[in-house]
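> predicted model and sequence below, questions to follow.
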Amino acid sequence: GAVVSQHPSWVICKSGTSVKIECRSLDFQATTMFWYRQFPKQSLMLMATSNEGSKATYEQGVEKDKFLINHASLTLSTLTVTSAHPEDSSFYICSAHQRGIAGELFFGEGSRLTVL
Amino acid sequence: LAKTTQPISMDSYEGQEVNITCSHNNIATNDYITWYQQFPSQGPRFIIQGYKTKVTNEVASLFIPADRKSSTLSLPRVSLSDTAVYYCLVGPFRYSSASKIIFGSGTRLSIRP
């Protein structure tokens, strides 16, 4: 089946630095990718919808200048957490929908960010 | 996107059949029902998807009544490895930038020996 890969799977950074997380669809083209954030023992919270070739659509309360999303190709979307702070520490998950195919969303393995 | 309601948690024992019900009263005509499983520190994994009546695959069955306002995920003969959080998602046949996929609270299933 289709595979979505995230990189890195975990990252530790100092407060004030920026971190980039990549989400790749390995064997299919994804016109739309979704970015989620998940805190311990909570559900996934949608942050933004990433659209290939256009600006991302952010959910209410998510700062677009802090969480930069780029979807430059049909197989890659990136999430950059700028000027990270400890409260940004979380589990970030992307998902992708295969272009032209209905139904199943494919999720990445997730990326755990720890900001010191 | 249709809102879903599930029990927060369920407990069962190895070898038992587990049924998790999800309510989605506002489901739209072109919405499908999809169930995902999530283990700690992993992304959700697809289990099963259906539109109406019954769907069965190698790991689960999905029962959807005629009014489609609810669905039941059935896990036959669970094992300890089925301990996870299960999410019911409702969304359109073709996902697009206008189709946000919102997760509900999920059901935390705990299987005991």
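Yep, it's here.
> alpha carbons only for contacts and neighbour counts from here, please
Noted.
> just give the closest residue to B:S105, not the sequence neighbours.
Spatially, and ignoring its direct neighbours in sequence, B:S105 is nearest to A:S43 (5.4 Å; Cα to Cα, 6 or more residues apart in numbering or on different chains).
> number of residues surrounding that neighbour?
Using other Cα atoms under 10 Å in any protein chain shown, the number of residues around A:S43 comes to 18.
> tell me the contacts of it?
Each residue near A:S43 by Cα atoms under 8 Å, 6 or more residues apart in numbering or on different chains is listed here: B:F103, B:G104, B:S105, B:G106.
> in a strand, it, correct?
No - A:S43: not assigned to a strand; according to DSSP: H, G, I helix; E, B strand; the rest coil it is coil.
> and the pLDDT at it?
Listed pLDDT for A:S43 reads 94.
> can you pull out the strands in chain A?
Assigned by DSSP state E, chain A shows strands spanning A:4-7, A:10-13, A:19-25, A:30-38, A:45-51, A:57-58, A:67-73, A:76-81, A:90-98, A:105-107, A:111-115.
> I misspoke; the intended subject was chain B.
Using DSSP E, the strands assigned to chain B run over residues B:9-13, B:18-23, B:31-38, B:45-50, B:53-56, B:61-64, B:70-75, B:84-92, B:107-112.
> any stretches of chain B with poor pLDDT?
B:1-2, B:93-99 (pLDDT under 70).
> now A:S50: closest residue in space that isn't a chain neighbour?
A:A56 (4.5 Å).
> just name the most buried of the strands of chain B.
Across the strands of chain B, averaging neighbours per residue (mean count of other Cα atoms under 10 Å in any protein chain shown) puts strand B:84-92 on top, at a mean of 24.
> ok so, going back, will you turn the strands of chain A into a markdown table that also has mean neighbour count?
Shown next, in a markdown table, are the strands of chain A (neighbours: other Cα atoms under 10 Å in any protein chain shown):
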| stretch | mean neighbour count |
| --- | --- |
| strand A:4-7 | 22 |
| strand A:10-13 | 14 |
| strand A:19-25 | 22 |
| strand A:30-38 | 24 |
| strand A:45-51 | 24 |
| strand A:57-58 | 18 |
| strand A:67-73 | 19 |
| strand A:76-81 | 22 |
| strand A:90-98 | 26 |
| strand A:105-107 | 23 |
| strand A:111-115 | 22 |
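> any idea what B:M10 is bridged to?
B:L109 (DSSP bridges).
> how far away is it from B:Y86?
As judged by Cα to Cα, to the nearest Å, B:M10 and B:Y86 stand 10 Å apart.
> ok, back up a step: which of the contacts of A:S43 tops the neighbour count?
Tallying neighbours with other Cα under 10 Å puts B:G106 at the head of the contacts of A:S43, with 26 neighbours.
> now do the same contact list for it.
Contact partners of B:G106, counting by Cα under 8 Å, 6+ apart, are A:S43, B:Q6, B:P7, B:I8, B:V85, B:Y86, B:Y87, B:C88.
> same question for A:E22.
A:Q6, A:H7, A:P8, A:L76, A:S77, A:T78, A:L79.
> 7 Å - rerun?
Neighbouring residues of A:E22 by Cα atoms under 7 Å, 6 or more residues apart in numbering or on different chains: A:Q6, A:H7, A:S77, A:T78, A:L79.
> and those residues as a markdown table, adding distance to A:E52?
Converted to a markdown table, the contacts of A:E22 look like this (distance: Cα to Cα, whole Å):
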| residue | distance to A:E52 |
| --- | --- |
| A:Q6 | 17 |
| A:H7 | 19 |
| A:S77 | 8 |
| A:T78 | 11 |
| A:L79 | 13 |
